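>>> Model the following, please.
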Amino acid sequence: MKQSFIILSFLFIITGCATQKLPYTIGMSEADFNANKSRIDLVEATAKRTVYKRDIEYDNRPGGTMKPTASMYYYFVEGKLVRMERVEVLQQPAVVIQPAVRG
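Here you go, the predicted model:
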């Protein structure tokens with residue numbers, strides 16, 4: 001009884017910690033990528049290279065602008081995904097200047 005409980009617990013831990021499958025993998029074809037794409041914009045297209053961009057994080061703080069704060073870029077060379085790059089968008093701090101008091 002104790003042994004079967006240990007085995008079941010071990011199996012539960014293994015299946016609970018299974019890795020997530022990423023939707024995009026290096027080496028996948030551009031056709032497969034386009035079949036799975038959602039909210040992805042074409043950035044550049046040449047004879048040998050294609051670049052796509054997907055915004056992945058937004059400024060959704062209270063009073064935020066809902067502008068993208070991070071994007072993923074996907075680079076294809078001759079129809080194969082060769083590079084994925086996460087780019088953070090730097091947010092400029094807001095500076096409030098009080099008007100001069102006249103009087």
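
>>> C-alpha only now, for contacts and for neighbours.
Will do.

>>> Can you list the residue ranges for strands in this structure?
All strands of the chain, identified by DSSP state E, fall at 40-45, 49-58, 68-77, 80-88.

>>> quick one: average pLDDT of the last one?
Read it as strand 80-88. Along strand 80-88, the predicted local confidence has a mean pLDDT of 92.

>>> got the angle for that strand vs strand 49-58?
Between strand 80-88 and strand 49-58, the angle comes out at 40 degrees (axes from the mean of the first three to the mean of the last three C-alpha atoms, to 10 degrees).

>>> what residues does strand 80-88 touch?
Applying C-alpha atoms under 8 Å, 6 or more residues apart in numbering, the external contacts of strand 80-88 come out as 25-30, 69-76.

>>> Can I get those residues in a markdown table including neighbour count?
As requested, the contacts of strand 80-88 are arranged in a markdown table below (neighbours: other C-alpha atoms under 10 Å):
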| residue | neighbour count |
| --- | --- |
| Thr25 | 14 |
| Ile26 | 13 |
| Gly27 | 13 |
| Met28 | 14 |
| Ser29 | 17 |
| Glu30 | 18 |
| Thr69 | 16 |
| Ala70 | 16 |
| Ser71 | 17 |
| Met72 | 17 |
| Tyr73 | 18 |
| Tyr74 | 23 |
| Tyr75 | 22 |
| Phe76 | 22 |
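
>>> Which member of the residues you listed is positioned nearest Ile97?
Thr69 (25.1 Å; C-alpha to C-alpha).

>>> pLDDT score for the closest one?
Reading off the model, Thr69 has pLDDT 79.

>>> I'd say it and Glu57 touch.
Yes: here Thr69 reaches Glu57: they are 5.4 Å apart, a contact under C-alpha atoms under 8 Å.

>>> I appreciate the help and will end here.
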